[in-house]
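Visitor: Give me the fold of what follows.
(one chain, ligands or ions: 1)
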Amino acid sequence: MLDTPTNRPDLPPEIARRRTFAIISHPDAGKTTLTEKFLLFGGAIQMAGQVRAKGEARRTRSDFMQMEKDRGISVSASAMSFDYKTFRFNLVDTPGHSDFSEDTYRTLTAVDAAVMVIDGAKGVESQTRKLFEVCRLRDLPILTFCNKMDRESRDTFDIIDEIQENLAIDVTPASWPIGVGSDFIGCYDILRDRLELIDRKDRNRVAESIEINGLDDPKLADHVPAHLLDKLVEEVEMAKELLPTLDPQSVLEGHMTPIWFGSAINSFGVKELMDGIGAYGPEPQVQSAEPRKIAPEETKVSGFVFKVQANMDPKHRDRVAFVRMASGHFNRGMKLTHVRTKKPMTISAPVLFLASDRELAEEAWAGDIIGIPNHGQLRIGDTLTEGEALRVSGIPSFAPELLQSCRAGDPMKAKHLEKALMQFAEEGAAKVFKPTFGSGFIVGVVGALQFEVLGSRIELEYGLPVRFEASQFTSARWVKGDRQAVDKFVNANKQHIAEDHDGDVVYLTRLQWDIDRVDRDYPDIQLTATKEMM
Ligand code: GDP
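Guide: Reported below is the predicted structural model:
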């Protein structure tokens, strides 16, 4: 039996049934296919293939989107809601490309768990590893799905060992594959003591589920060929001896991951994984905030912006702020306080993302993700409450690793360029610095591809051709300290000083040596590589 752990026993049922999670994986491991099957079993789409088909229709809309498609990356994160059994799943999509790590990081601040998909033939790949490290920073519970078992895959113990060693996390098998590649016939469900077999005639159907009574049940021989059965019994016995048994508390704390084996393309193993998300998900967790934490069961509504996406609809220059509800029961039309500006905001047209359609959200509970269209008031890291001055913490902004200067093709358009750049800065797509000396802007990103994406978007969305050129600077650090110390520092280092889009002081340099010198010569000043968004 799956015993559902809970560290939040007092949650209202509507909140307790929510599971908000993301999928992390290396490109090509099968995230899209798995998502599609989730939606299929969640009743959100009628036919597999719809997500992709809709995605493609959407993508052909613009050259920029074309670029995403050509490169096989998804730049924008979206959220999808669907029901499965008694659960409401909120799946938050993470951008797949390594260049978008900052965006991904922030996306992962909005979920309570992650599903890690690995390719059974390839094991733990570079991008999986990076994303895993991000999850670890927050001790997110991780459920693992080992995909493509219908292909020649690695030895099961090898895969488990690799995860344990490479990611330093305990792995416990929730299921065990029977046969490999063309011999793969299904899995033994360790948690529920039953066989899940693929339909031999139609590999697209999930066939039978056979209750058994332990691995010495004679019934097994009716379903599993002798040579596979011997191997299965031997392996599962060995696994029980060598591998830890499932400890729900340890999963919840992010120290242990249960692993399911399957084949997303054949819909195989997907329901078991979904049951696992329901059982070990977990439910919406307490959110860190200042000056106090926010518990999901609080009756007052609160939420925070973890992503802003501009120009989702090129005809309307709207922006959608993606808000993770942290507490309470939200109803459409509610008036919430925008804590940063202390201004009230009536949320009259919030959207829910059902499969790939947007729909008006009449209500939302803690754990849900809603989109709030706005004209730029809502920024990443902003908190909305029913009046209390709470600020959700832990949504960082990283110092960019690559800097280039940006100029408008037409020098008369510098003002337009500033507007476009500021918008992208607010969206979190880039850092924009305005140097005290000289004209133009310095744009900072985490991955090189982002320059191209920005260039295409500025041209497409603002009709403004731009040039990116090498900058004399290679690093940016935020300057912290008391007012007097900062003023003194700024005056003595003018040629290195710029402001970011919030008006905060930034120190630009090309040498680590400079940063060390500041540390030495200005004990009252701190140069930091992150700042909390507020
Ligand atoms: P993503 O890049 O992680 O989103 O991966 P996709 O879902 O697009 O899958 C990458 C490729 O692997 C596609 O050609 C899929 O058809 C294929 N694929 C996905 N799941 C499976 C599976 O279970 N078995 C096999 N053989 N191929 C799969």
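
Visitor: State the distance from residue 350 to the ligand.
Guide: Here residue 350 is placed at a distance of 28 Å from the ligand (C-beta to the nearest ligand atom, to the nearest Å). Every residue, glycine included, has its C-beta placed from N, CA and C.

Visitor: Residue 33 and residue 263, how far apart?
Guide: 9 Å (C-beta to C-beta, to the nearest Å).

Visitor: These two: which is more packed in?
Guide: Each of residue 33 and residue 263 has its neighbours counted (other C-beta atoms under 10 Å); residue 263 has more, 26 against 22.

Visitor: could you say which helix or strand contains the residue nearest to that one when sequence neighbours are not counted?
Guide: Distances taken as C-beta to C-beta, 6 or more residues apart in numbering put residue 150 closest to residue 263, at 4.2 Å, once the chain neighbours are dropped. Assigned by DSSP states H and E, residue 150 falls within no helix or strand.

Visitor: distance of residue 150 from the ligand?
Guide: Shown here: residue 150 relative to the ligand, a distance of 5 Å by C-beta to the nearest ligand atom.

Visitor: is it true that that residue touches residue 181?
Guide: Yes - shown here, residue 150 and residue 181 form a contact pair, counting by C-beta atoms under 8 Å, at 7.2 Å.

Visitor: the more surrounded of the two?
Guide: Set side by side, residue 150 and residue 181 show more neighbours around residue 150, with 21 against 13, by other C-beta under 10 Å.

Visitor: top helix in the chain by residue count?
Guide: helix 226-242 (DSSP state H).

Visitor: give me the number of residues near the nearest residue to residue 493 once chain neighbours are set aside?
Guide: Nearest-residue entry for residue 493: residue 507, 6.9 Å, with adjacent residues in sequence omitted and distances by C-beta to C-beta, 6+ apart. Per other C-beta under 10 Å, the neighbour tally for residue 507 reads 22.

Visitor: helix/strand/coil for residue 507?
Guide: Recorded secondary structure, residue 507: strand (DSSP: H, G, I helix; E, B strand; the rest coil).

Visitor: What parts of the stretch 201-350 of the chain come near the ligand?
Guide: Proximity of the stretch 201-350 of the chain to the ligand is confined to 263-265 under the rule C-beta under 6 Å from any ligand atom.

Visitor: The helix or strand containing residue 434 pairs with which strands?
Guide: Here residue 434, judged by DSSP H and E, is contained in strand 431-435. Strand 431-435 has its sheet partners listed here by DSSP bridges as strand 441-445 (antiparallel), strand 497-499 (antiparallel).

Visitor: a markdown table for those, including mean pLDDT and mean neighbour count?
Guide: Shown next, in a markdown table, are the strands paired with strand 431-435 (pLDDT from 0 to 100; neighbours: other C-beta atoms under 10 Å):
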| stretch | mean pLDDT | mean neighbour count |
| --- | --- | --- |
| strand 441-445 | 91 | 25 |
| strand 497-499 | 95 | 19 |
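
Visitor: In the stretch 151-300 of the chain, where is pLDDT below threshold?
Guide: 200-208 (pLDDT under 70).

Visitor: can you give me the helices in it?
Guide: Secondary structure of the stretch 151-300 of the chain (DSSP state H, counting those that start in this stretch): helices at 156-167, 220-223, 226-242, 248-252, 270-280.

Visitor: if I look at residue 450, how far off is residue 424?
Guide: Going from residue 450 to residue 424 by C-beta to C-beta gives 10 Å.

Visitor: beta partners of the residue nearest to residue 493?
Guide: When bridges are called by DSSP bridges, residue 507 pairs up with residue 477, residue 497.

Visitor: How about residue 343?
Guide: On the basis of DSSP bridges, residue 343 is bridged to residue 338.

Visitor: Need the per-residue pLDDT for it.
Guide: Per-residue pLDDT puts residue 343 at 96.

Visitor: Ok, the one 5 residues further on next?
Guide: Residue 348 is assigned a pLDDT of 92 by the prediction.

Visitor: in what helix or strand does the closest residue in space to it that isn't next to it in sequence lie?
Guide: Excluding the flanking residues, the one nearest residue 348 by C-beta to C-beta, 6+ apart is residue 333, at 5.6 Å. Element membership for residue 333, per DSSP H and E: none, as it lies in no helix or strand.
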